[in-house]
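# Okay, predicted coordinates and the sequence, questions at the end:
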Amino acid sequence: MTDTLSVDRVAKATDTVPLLVVSGLSVAFSRGGVQHPVVSDLSFELPRGACVAIVGESGSGKSVTARTLVGLTGAHSVVSSRRLLLDGEDISDLSPRAWREIRGRRIGFILQDALVSLDPLRPVGKEIEEALRLHGWGTRSSRRRKVIELLDSVGVPLPEQRAKQRPDELSGGLRQRALIASALALDPELIIADEPTTALDVTVQAQVLALLEETKRRGVSLVLISHDLSVVAQLADTILVMKGGHIVEQGDARQVLEHPRHDYTRSLIAAVPSEETRGRRLGPDFPALAAPHPEQIAEELRDSSGPVLEAIGLVKSFPTPGGGSQRAVSDLSFSLARGETLGIVGESGSGKSTTGRIALALTSPDAGVVRLLGQDWSSLSEPKRRRLRSRISVVYQDPLGSFDPRWNAERILLDAVPEDAYPTSDRKRARVRELAAQVGLPEELLSRFPLQLSGGQRQRISIARALAPSPSVIVLDEAVSALDVSIQAQILDLLAELQKQLGVSYLFISHDLGVISHLSDRVLVMTDGVVVEEGTVEQIFHSPRHPYTRQLVGSLPSLDHPPIRR
Amino acid sequence: MTSLRPSVLPRVRSHPLVAAGPGLWTSIAVLAFFAIAAFAPGALASHGPTALDLDHSLQGPSFSHWFGTDESGRDLYSRIIYGTRESLAIGVGATAVSISIALLLGSIAGLAGRFVAGTVNRIIEVLFSFPTLLLALLLVAVLGPSMITQIVAVGVGTAPGYARIIRGQILSAKNSGYVEAAVALGHSRWRIVRAHLVPNAVRPLVAIIALSIGQSIVWASSLAFIGLGVAPPSSEWGALLDAGRTYVTQAGWLIIVPGLVIVALALAATTLGKHIQNVLEKGEK
């Protein structure tokens, strides 16, 4: 009590009191009478106009922390703290009514997914107006004007028209801006942003980050929650690294990023893939892998000359609801050599996934051909194609959706082991164990169902399944995009190691430039279904020629570059 | 935070009955009681189903006649017990007919080529647009009232709805990531149908069957109530309703009690079905 009072007095005297003081914050959820701690003993101070970033992987407790700071921890939660002060006032024990007063007016809250956070049936302008109305701001017409002003200030073009549109009529970037505008509506002193750019394309991410930086310059304080160290590096003054509900490291942003003291922080930073990490392991070593491809296939691979996969002049259109058609891919050609990784990078809607599906012959092109190991591939009928299917396989972003929920890991892998190479059930089982060892999956996990496995373990099974027929090419469609950075590092290491040992080629599709530059030998840059630039990683990342490539590379946040201003 | 801890899942999956509430246990008890009544009515009944006692006709519920007596002095409780077998047979039989038709039509509509699937789908939709009772009435009108007719009529009447569910299941499995993964592995069409489509489409049927048994009994009773059911002196529940209709002003229990029994069975079967459905969905999510 005396603590609070003395802080209050200091506040009036010097006005240098931090806007937000969090001391000894702990959050637990009770389930079945047992308390499960989620956040333990978290403390930090946030000065005015500064940004504190809370960084961690899934399950670290960072989002729960964010929600607790706006009084939305939820039912079944137990929150305790030594001190929780907003501008010197105790906010640790407020009624829901008092919180409603604070939320929006004094603390703005921005969530990851604007499509979920905005009312789908209401025009975004109305949504922002509602925030103003609830807090009794202005008159109806002055609120209308304010909404337009707000949308304009967050860089929404044609704000009068946009205000009348519903969230699903806006692009991801515009939606996120509308959400930020509604958080800024009442000029809060503090903004809490939980993964504000995670669902966005890099170029849009750069714009949103610039907007948040601009907000910060106007004196608004920021609590930024993110899993992405390179995003955090753009904005944060102070960084808190969380793991399992505990702060493992806390300090000045530069200090934490450049001279991390804790091992976990170091491994997090080391795990961020980028051009500089090429050919290097991102995570700690794991035991050498056994089991190369069966002998005759390995020989086939060595003997074949020329590209393993070749696409010439691919065109693919999809019908649009209006009755027209949209080009997903126009005149696309590439070739993939043995043991090579070709990266295809592009933002959402660029046609990169369609390209992957055409390469896998899951979609047939309107024009153009795909050749696999020099043989016609895209023009074959499906029954004839089946014989060749074992030469090319795929790893998806969402392994869970690609597994039959009724099957355990062993059954999933057994299903993928080809009959002709492993005719008996004993040999099939042996092959499954071999594959599990190859992808670093403990054998005892084979009896588990996909739901009982972690994201990383699932992706290992997915890779094992792709390896089962001993393919020459694996299409990796955003294969590491859904993973936490340390798990992503392990999977990238595994992919690099497998390529070295098996000589398999990768068609590596991703929106993530860091991941692309880490793993690829050559890169195709796609936008609107067209390849705008092709080259080695060095060419693309150091001397990009096409304006779009330059914009893309420039938008890439990194641990040591300041962001590109719009 | 968002993902369930793996250690929690096996516990949830391992024992679905652990989480069962009193509602489920009551349902199971009710179903067990009717099962005994169906197989060994003598063990539960206090009187014979056709034992006449004209001195005690149309008596209200009492200690010697729990549910009262009908116009011929027959004990209503015992008649209900003896009628269970027929009523359950109609419920189970109609469900079997219904699910068989639904499986056939639904699978064709989900799996066949565009022309055949489209045609079958139109047929399902046309049948679905008829009210269930109207469809059943048409069949009874054509075939004449009997227990078999009732089974067929209710089965055919409810089949289109289930056919649509099965078609939906097959289509969603067909568009799933795991089927695409199987195509990419080079598995044949037939192998994919066998390994993925049929098992995943059939799984929710367990719940549907339980729901359908209760529903079918209600539909069958509706038919019987308007005189299109099993002929007297059968004590099938719907027939009891029909017979009691004449005395509704003097002896309301003759309608109320069989009605409540039908509701109890339908409710118990539905509760169990819902529970099975929940357990299955929990396994998937």
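Alright, I've got the coordinates.
# Does residue A:109 touch residue A:103 like I think?
Yes: proximity of residue A:109 to residue A:103 meets the contact threshold set by CB atoms under 8 Å, at 6.6 Å. Yep, even glycine has a C-beta here, placed from its N, CA and C like the rest.
# contacting residues around the residue most central in space within chain B?
With distances taken as CA atoms, centre = their mean, residue B:213 lies nearest the centre of chain B, 1.3 Å away. Neighbour list for residue B:213: B:88, B:91, B:92, B:95, B:269 [criterion: CB atoms under 8 Å, 6 or more residues apart in numbering or on different chains].
# with these in mind, which one is nearest to chain A?
Nearest to chain A among these: residue B:95, at 23.9 Å, using CB to the nearest CB.
# Name the nearest residue to the closest one, ignoring sequence neighbours.
Distances taken as CB to CB, 6 or more residues apart in numbering or on different chains place residue B:212 nearest to residue B:95, at 4.3 Å, with adjacent residues excluded.
# Tell me the spacing between that neighbour and residue A:525.
Residue B:212 is 56 Å from residue A:525, where distance means CB to CB, to the nearest Å.
# ok, back up a step: pretty sure the residue nearest to residue B:95 is in contact with residue B:93, am I right?
No: using CB under 8 Å, residue B:212 makes no contact with residue B:93, being 11.2 Å away.
# So which of the two has more stuff around it?
residue B:212 (29 against 20; other CB atoms under 10 Å in any protein chain shown).
# Can you list the strands that the helix or strand residue A:342 falls within pairs with?
Using DSSP states H and E, residue A:342 sits in strand A:341-346. Sheet partners assigned to strand A:341-346 using DSSP bridges are listed as strand A:505-510 (parallel), strand A:522-527 (parallel).
# How about the residue of the stretch 151-285 of chain B found nearest chain A: what's its closest non-neighbour residue?
Nearest to chain A in the stretch 151-285 of chain B, going by CB to the nearest CB, is residue B:186, at a distance of 2.9 Å. Leaving aside its chain neighbours, residue B:186 sits nearest to residue A:389 (2.9 Å; criterion: CB to CB, 6+ apart).
# Now for the one you found: which residues touch it?
A:361, A:469, B:184, B:185, B:186.
# didn't the third one look like it was pressed against residue A:362?
Yes: contact status for residue B:184 versus residue A:362: in contact at 6.5 Å, counting by CB under 8 Å.
# Just want to know which of the two has more residues nearby.
residue B:184 (22 against 15).
# how about that one, what does it touch?
With contact set as CB under 8 Å, 6+ apart, residue B:184 has these partners: A:360, A:362, A:389, A:392, A:393, A:394.
# same thing but at 10 Å, please
A:357, A:360-362, A:389, A:392-394, A:396, A:402, A:416, A:465-466, A:475 (CB atoms under 10 Å, 6 or more residues apart in numbering or on different chains).
# Ok, residue A:267 next?
A:260, A:282, A:283, A:284, A:485, A:486, A:489.
# returning to what we had before: residue A:321 is nearest to which of the strands paired with strand A:341-346?
Among the strands paired with strand A:341-346, the nearest to residue A:321 by CB to CB is strand A:522-527 (22.7 Å).
# so for the closest one, what's the average pLDDT?
Averaging pLDDT along strand A:522-527 yields 92.
# pLDDT of the helix or strand containing residue B:166, averaged?
Using DSSP H and E, residue B:166 sits in helix B:147-174. Across helix B:147-174, pLDDT averages out at 90.
# for that helix, which positions count as buried?
Across helix B:147-174, burial judged by 16 or more other CB atoms under 10 Å in any protein chain shown covers B:147, B:149-164, B:166-167, B:169-171, B:173-174.
# Any residue of that helix touching chain A?
Yes: against chain A, helix B:147-174 shows contacts by CB under 10 Å from any CB of the partner chain at residue B:173.
# What is that helix packed up against?
helix B:76-111, helix B:114-129, helix B:132-143, helix B:177-184, helix B:198-202, helix B:205-225 (3 or more CB pairs under 10 Å, 6 or more residues apart in numbering or on different chains; DSSP states H and E).
# export those helices to JSON lines and tack on mean pLDDT?
JSON lines is the format used below for the helices and strands packed on helix B:147-174 (pLDDT from 0 to 100):
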{"stretch": "helix B:76-111", "mean pLDDT": "90"}
{"stretch": "helix B:114-129", "mean pLDDT": "90"}
{"stretch": "helix B:132-143", "mean pLDDT": "84"}
{"stretch": "helix B:177-184", "mean pLDDT": "92"}
{"stretch": "helix B:198-202", "mean pLDDT": "85"}
{"stretch": "helix B:205-225", "mean pLDDT": "83"}
